[in-house]
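Undergrad: make a model of this:
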Amino acid sequence: MTIDEELNQIDSNLRRLKIEYEIFFSNPSKRPPTDVEWRVLNALRKFSDGGKMSFSQRYRYNEMAQRYAIYSDLWRKKSRIREEGYRRPQDALLSVQGVRESEHEKEHHVYGVSQPVAAPEDKPFSIQCSDPGAESDRVQTLFNVLSEAKKKSGEQVSTNLDSFTSFVKKKTAEIRKQYGCHSVEYSVEVQDGKARLKAKAKI
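TA: Next comes the predicted model:
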């Protein structure tokens with residue numbers, strides 16, 4: 001199996017893992033999909049050094065590892081709420097907000113890739129998009145990071161994922177047309193205590 005084929009398999013297993021965790025959290029009788037997660041983690045370990053990968057393959061691997069890091073953090077928090085019970089009414093949503101602020105854990109790493117949600121506090125998080133309509137996972141990751149940065153800065157999240165997706169589609173098309181570039185790099189930065197979303201052309 002080639003590296004590209006193995007990366008395709010990781011992507012497929014990661015999508016399956018996300019679906020199975022959604023089923024797990026919606027059905028109390030279900031068990032967590034530990035077998036699928038084990039396969040994803042083993043595959044991420046295998047390519048963690050990136051020695052045999054091309055630049056494009058390494059970028060793709062990093063994107064999937066970052067996506068898994070975001071998902072795993074959310075699943076861990078949801079699992080803790082599920083095991084310990086709901087502390088507040090909004091905990092019933094099994095969302096990130098269900099975890100008390102005092103319980104934030106130290107940033108952890110997934111095989112050399114930092115947890116992206118924590119990135120705005122330390123350094124800008126960035127991700128590239130060339131076709132947001134076909135890259136819903138990347139757009140959702142960007143939305144999650146920006147929303148988390150806003151919450152940590154005490155700002156309100158004034159838009160939803162659908163509106164944000166429409167904005168990214170429009171902005172990507174505008175920048176690609178203006179600069180003739182293949183993709184657009186979006187970054188989330190915290191400046192003067194405010195979360196900011198920036199976009200620049202990537203040739």
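
Undergrad: how many neighbours does the closest residue in space to Leu17 that isn't next to it in sequence have?
TA: By the measure of Cβ to Cβ, 6 or more residues apart in numbering, the closest residue to Leu17 outside its immediate chain neighbours is Val36, 4.7 Å from it. Every residue, glycine included, has its C-beta placed from N, CA and C. Val36 has 17 neighbours, counted by other Cβ atoms under 10 Å.

Undergrad: relative to Asn42, how far out is Val36?
TA: Separation of Val36 from Asn42 (Cβ to Cβ, to the nearest Å) stands at 11 Å.

Undergrad: what does Gln57 give?
TA: 18 Å.

Undergrad: kindly report the same for His182.
TA: According to Cβ to Cβ, His182 stands 32 Å off from Asn42.

Undergrad: same check, this time on Val184
TA: Taking Cβ to Cβ, one finds Val184 at 33 Å from Asn42.

Undergrad: more crowded one of those two?
TA: Comparing Val184 with Asn42 by other Cβ under 10 Å, the one with more neighbours is Val184, at 22 against 11.

Undergrad: my guess is that one meets Gln178, correct?
TA: No: using Cβ atoms under 8 Å as the test, Val184 is too far from Gln178 to be in contact (10.3 Å).

Undergrad: and the helix of greatest length in the chain, what other elements does it pack with?
TA: Across the chain, the longest stretch assigned as helix under DSSP state H is helix 55-84. Counting contacts by 3 or more Cβ pairs under 8 Å, 6 or more residues apart in numbering; DSSP states H and E, helix 55-84 is packed against helix 3-26, helix 34-46, strand 109-110, strand 113-114, strand 125-129, helix 136-152.

Undergrad: contacting residues for the residue lying farthest from the centre of the chain?
TA: In the chain, the residue that sits farthest from the middle, by Cα atoms, centre = their mean, is Gln178; the gap is 28.1 Å. Gln178 makes contact with Ala201, according to Cβ atoms under 8 Å, 6 or more residues apart in numbering.

Undergrad: so what's Ala201 up against?
TA: Listed by Cβ under 8 Å, 6+ apart, the contact set of Ala201 reads 175-176, 178-179, 181, 184-185.

Undergrad: and Ala201, that one's in a strand?
TA: Yes: under DSSP: H, G, I helix; E, B strand; the rest coil, Ala201 sits within a strand.

Undergrad: quick check: bridge partners of it?
TA: Val184 (DSSP bridges).

Undergrad: just the pLDDT for it.
TA: With respect to pLDDT, Ala201 scores 88.

Undergrad: now for Thr34, how many residues are close by?
TA: Based on other Cβ under 10 Å, the number of other residues close to Thr34 is 10.

Undergrad: sorry, slip of the keys, the one I care about is Asp73.
TA: Neighbour tally, Asp73, other Cβ under 10 Å: 21.

Undergrad: what's the pLDDT at it?
TA: 84.

Undergrad: any idea how far it lies from Phe47?
TA: 21 Å.
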